[in-house]
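Q: Quick one, fold the following:
(one chain, ligands or ions: 1)
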Amino acid sequence: MKTIFITGGATGIGEASVRKFLDEGWNVGFMDLNAAQAVRNIEKLNLPDRLLFIEGDTRKRDDLKRAVNAVVEKFGGIDSVFANAGIHRCNTILDISDEELDLMVQTNIYGTVNTLRETIPFLIKAGGGSVVINASDQWFVGKPHSFAYGMTKGALGQITRSLAIDLGKYGIRVNAVCAGTIHTPLVDNLFEKFSKAENKSVAEYWEEENALYARGKVGTPEEVAELVYFLASDKASFCTGGH
Ligand SMILES: NC(=O)c1ccc[n+]([C@@H]2O[C@H](COP(=O)([O-])OP(=O)(O)OC[C@H]3O[C@@H](n4cnc5c(N)ncnc54)[C@H](O)[C@@H]3O)[C@@H](O)[C@H]2O)c1
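A: Here you go, the predicted model:
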């Protein structure tokens, strides 16, 4: 039975991915800051033999060490990792504070790098595996008021390509998911902020966002989880360095 380690698995894309991998028969270990939501989820799923939650902050390497060791101890190893935890804040280069810049870099870049540094040795030990990084369409397109988000997601692009080259010889594939807008709490929170500032309802923002997509609807966390599963599984044996 295969095992995946997922960061940010309490809500949104991470939570849908936890469910997808469990549905496919994998063991899942996941870490998140939001212990209250994670505990509600695991109680509902009720799969104690195949699911492990560890509270932790990806900005802290020691938290990741503790989480990854707990997963290895319970399931015997790690075959795939989904570095998913990330945050968004609205800013431009003109108004971002030092604290917010630091928060974005620490969470989206260091959080991902910490996750990879702690898990990849176990993938090597397993004789190979798959790394999936949750980047964004802002890896390659600019969007308004998303200076730090775009900057950090761009960095994940180069991390993906560089790791794909360095880790190929260990049988490790490295790919990124670069979704457009997905209906999750991350975007709900963003629209709530806009809504207060611009006196427009959150529903109106969703309507406008849906209209930007060819099918008339943004993505769902479950749709992204399908791609994450494909990339993490042996079905994607020829895919590496991609997005
Ligand atoms: N929603 C979108 O439109 C969209 C599009 C492309 C990419 N993404 C990316 O997908 C990933 C997941 O986002 P989402 O939309 O599902 O958001 P979300 O807010 O629903 O989920 C993010 C999860 O990560 C956790 N988290 C945040 N910081 C953490 C930290 N330091 N340590 C541990 N856990 C932490 C949160 O508690 C939360 O459970 C992010 O990296 C985001 O940038 C989202």
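Q: Could you point out the longest helix of this protein?
A: helix 147-167 (DSSP state H).
Q: And that one, what's buried?
A: Neighbour-count burial for helix 147-167, counted by 16 or more other Cβ atoms under 10 Å, picks out 147-157, 159-161, 163-164, 167. The C-beta positions use only the backbone N, C-alpha and C, and glycine is treated the same way.
Q: ditto for stretch 218-237
A: So, applying 16+ other Cβ under 10 Å, buried residues of stretch 218-237: Val218, Gly219, Pro221, Val224, Ala225, Leu227, Val228, Tyr229, Leu231, Ala232, Ser233, Ala236.
Q: Need the pLDDT of the fourth one.
A: What it means is Val224. We have a pLDDT of 98 for Val224.
Q: what about Glu204, how many neighbours?
A: Using other Cβ atoms under 10 Å, Glu204 has 13 other residues around it.
Q: Oh, that last question was meant for Gly77, not what I typed.
A: 15.
Q: and the buried residues of stretch 218-237, which two are the farthest apart?
A: Val218 and Ser233 (25.3 Å; Cβ to Cβ).
Q: Next, name the residue at the spatial heart of this structure.
A: Asn84 (1.2 Å; Cα atoms, centre = their mean).
Q: Can you read off the backbone torsions of it?
A: phi -110, psi -30 (degrees, to the nearest 10).
Q: what residues are up against it?
A: Ile6, Thr7, Gly8, Gly9, Ile13, Gly14, Ser17, Asn134, Val228 (Cβ atoms under 8 Å, 6 or more residues apart in numbering).
Q: Please enumerate the helices of the chain.
A: Using DSSP H, helices in the chain cover 12-23, 35-45, 61-75, 98-104, 111-125, 147-167, 185-198, 202-211, 221-232.
Q: how about the helix or strand of the chain with the lowest mean pLDDT, does it reach the ligand?
A: One helix or strand of the chain scores below all others by mean pLDDT, DSSP states H and E: helix 185-198, with a mean of 90. Yes - Helix 185-198 is in contact with the ligand by Cβ under 6 Å from any ligand atom, via Pro185, Leu186, Val187.
Q: Can you tell me which of those residues has the most neighbours?
A: Val187 (18 neighbours).
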